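Asker: Show me how the following folds:
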Amino acid sequence: MSLRFLSSITLRNRPLRNRVVFGAHTANMAEDGLPGARHIAYYEERARGGAAMIVVEPTPVHAATVLTRGNFRPSDDSVIPAFTRVTEAIKRHGAVAIQQIYHVGSHGDSDLSYHPHWSPSGYPSYHDSDGSHAMSDAEIEVTINAFTNAARRCRESGFDGVEVWAAYHSLLDQFWTPWSNRREDRWGSSLENRTRLSRTILQNIRDVCGNDFIVGLSISDEQDCNVALPRQELVDIVAMHDEAGLVDYVTCGTGSYFDFYKIMPTFQHEEKLGIGLAESIKVRLKNALVIAESHIRTPENAESVIASGAADLVSIVRGQIADPHLVNKAAEGRVEDVRGCLSCNQMCWGRRSRDYWISCLVNPSAGREFEWGGDRFDRSPAPKSVLVVGGGPAGLEAARVAAERGHAVKLIEASNLLGGHFRLAGLQPRRTQIIDLLDWYERQLTKLGVDVRLNTYVDAEDVVAEAADHVVIATGSLPPETGFQKALPQWDVMPGWECGNTASIEAVMARQARPGKRVLLLDEGGGWRGCGTAWKLAEDGHNVTLITPDPMVGRELQRVAADAPLRRTLANLGVRFVLESSILQWHGNGATVLSHLDGCHSRIDADTLVTATTNVAADGLAQSLLAMEIPFHTIGDGAAPRQAPYAIFEGRKTGLSL
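Answerer: Numbers count the residues shown, from 1 in each chain. Predicted structure coming up:
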């Protein structure tokens, strides 16, 4: 059966080979405001992988709207030669090249722009803590010209079109929205006036760039915020632009600066979030095509959207960061070979939120395509035998990549399942995408002929006996079983630890420990290890108190836009939060708790203490091999306990080096 999302479609006289778009997102890879080798190879890999249209990351049209240190130069024709290299790379693989252009209005970032924020009526930024000022007529004209010239640069650089950003309550959306547009001049009040800016910008782009130039519009829906535009009014506004022939397509996303968490929804949200707005828009439009985006991450998602008629195209962003060859694999009938996005945001938005260039947990080649040859593997000219000890994410990736390169690989795992502690994470609520990924690894290893040995413990003598050309040690990490707290470093062992009734989060998730009804969960990491286990315990009917030395639950999850939805979930499950505190002593049936704010002590009764503290490397085998002067590679938590992205990164890097 042919897949409808793989069928062709025409966009303003340009044929698209399928219905899949690699949508706009800030890759943050520019150097000195220009795209370089990293940026070009990143987009080229997705074009090579089959995407029909690439929307290159948004470029600020004016200095007031710079948001990242990796942004492109605003208002500067020197970008044209560099952008030309981007468009040439995209087009050489048959994809249409578009660039998004944007202005955030009041939601600026003074740390990066060093420019006053501009807005319709002077409302505060939801991006930083600063305010804005109401734009003068002259500043509005400057902005119109800035959009027009940005589009002209795109045309001169070889882009087939631009996507004008009006999503997330950006500047154009701010003018559309009565809450943020209190003006009484020709730019405010009536719908005609509130849309004057966007209509003028789009018409100017048409006039300057010509009738064969594609003009898109990016919008988003925010139904949980009562000051955002109601969906029906948003539909009316887009229909007005469509009837005037100003747009060729409309991209429909979710979220806004009012509720940032739906912009890049994690696994906590349902899939295909943007489909509701897309359906509403598509009913009204007479000319423009509709693109649905937001948590559309798999070929199955894409087929569902297109087959239902909800949209004409789909934007798959994180799914094609995770697997740039998603489209080609689907077209070749190899959907089972697509490496699925985990909707975790750890290395895409998680790195961008710290102003680094983006990458991917499951695909560390993202952002390194120019160094590693894309997400493809050259065969080794001299295949060797490779022994990998440990079947967690680091070992799995090392074994896969080594086998892809033609080496004869044996993978030995002590337990009865592959995945290590990563599999336990997949047993937390709503995290089954991790199990899907581990199933993918098993399929790939089988196809590649990797000799996988489960329930097999090896020591140094066994490794020597294997006589492999290369040895990779990926033995992971273990909970310390001491209750050591970073916040109270004077004690190597938590006072009262010997009283018992304690368990690590690993023991709980593996069902090796059965906590009592009342659980005190100590979380020093602020990530999914502790928070996801608290969620699981609460769902299973335990009364959970989560104690952390941090000023908030889920501190590390801020960077991935998951912390507030998580806290709401935990609160609704009755989880009690004890912040900026540590455990002075465990009594076996409760704890004496220290407040780091005022030094006061309190008592919390509990049947079981569950700890989410820093693990220690399980490096006994590595130490033995080192003593015997046997060469080997140590990767993942066996080198130092860290999060999954770094384990998979080291697995791929090592596999490529063999």
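Asker: per the record, what domains does the chain have?
Answerer: Domain assignment for the chain, taken from automatic domain parsing, gives 4-372, 385-478+617-657, 497-614.
Asker: Just confirm residue 15 is within a strand.
Answerer: Yes - the assignment for residue 15, made by DSSP: H, G, I helix; E, B strand; the rest coil, places it in a strand.
Asker: can you pull up the bridge partners for it?
Answerer: residue 10 (DSSP bridges).
Asker: Can you give me the distance of it to residue 492?
Answerer: As judged by CB to CB, to the nearest Å, residue 15 and residue 492 stand 67 Å apart. Using the backbone N, CA and C atoms, a C-beta is placed for each residue, glycine as well.
Asker: Check the burial of residue 514 by counting its neighbours.
Answerer: Other residues within reach of residue 514 by the criterion other CB atoms under 10 Å amount to 9.
Asker: Which strand or helix spans it?
Answerer: In this structure, residue 514 sits in neither a helix nor a strand according to DSSP states H and E.
Asker: Just the pLDDT for it.
Answerer: Residue 514 is assigned a pLDDT of 95 by the prediction.
Asker: And residue 418, by the same measure?
Answerer: Predicted confidence (pLDDT) for residue 418: 98.
Asker: Just say helix, strand or coil for the residue nearest to it when sequence neighbours are not counted.
Answerer: Using CB to CB, 6 or more residues apart in numbering and skipping the chain neighbours, the partner closest in space to residue 418 is residue 391 (4.1 Å). The three-state assignment at residue 391 reads coil, by three-state DSSP.
Asker: Thought residue 410 was touching residue 391, still the case?
Answerer: No - taking contacts as CB atoms under 8 Å, residue 391 lies outside contact range of residue 410: 11.4 Å.
Asker: any low-confidence regions in the chain?
Answerer: Filtered on pLDDT under 70, the chain yields the residue ranges 1.
Asker: what's the single longest helix in the protein?
Answerer: Taking DSSP state H as the criterion, the chain has its longest helix at helix 137-157.
Asker: so after it, what's the next helix or strand?
Answerer: Stepping forward along the backbone from helix 137-157, the first helix or strand reached (DSSP H and E) is strand 161-165.
Asker: Given that following strand, what are its sheet partners and their directions?
Answerer: Applying DSSP bridges to the sheet, strand 161-165 is found paired with strand 96-102 (parallel), strand 214-221 (parallel).
Asker: so can I have a markdown table of those showing distance to residue 57?
Answerer: Compiled in a markdown table, the strands paired with strand 161-165 are given as follows (distance: least, CB to CB, whole Å):
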| stretch | distance to residue 57 |
| --- | --- |
| strand 96-102 | 7 |
| strand 214-221 | 12 |
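Asker: Please convert the ones you listed to TSV, extending it with mean neighbour count and distance to residue 567.
Answerer: Compiled in TSV, those are given as follows (neighbours: other CB atoms under 10 Å; distance: least, CB to CB, whole Å):
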stretch	mean neighbour count	distance to residue 567
strand 96-102	26	30
strand 214-221	25	23
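Asker: out of these, which comes closest to residue 351?
Answerer: Closest approach to residue 351 among those (CB to CB): strand 96-102, 19.6 Å.
Asker: roughly how far out does the closest one sit from the chain middle?
Answerer: 20 Å (CA atoms, centre = their mean, to the nearest Å).
Asker: List the contacts of it.
Answerer: Applying CB atoms under 8 Å, 6 or more residues apart in numbering, the set of residues contacting strand 96-102 from outside is 11, 14, 16, 24, 52-61, 65, 83, 86-87, 90-91, 147, 150-151, 154, 157-165, 170-171, 214, 216, 218.
Asker: hey, where'd the strands end up in the stretch 101-250 of the chain?
Answerer: If DSSP state E, counting those that start in this stretch is used as the criterion, the strands of the stretch 101-250 of the chain fall at 117-119, 132-134, 161-165, 214-221, 249-254.
Asker: Contacts for the last one next, please.
Answerer: If I follow you right, that is strand 249-254. The set of residues external to strand 249-254 that reach it, using CB under 8 Å, 6+ apart, is 11, 21, 23-24, 55, 163, 167-168, 214, 216-222, 238, 242, 262-263, 265, 273-274, 277-278, 281, 285, 288-295, 311-313, 315.
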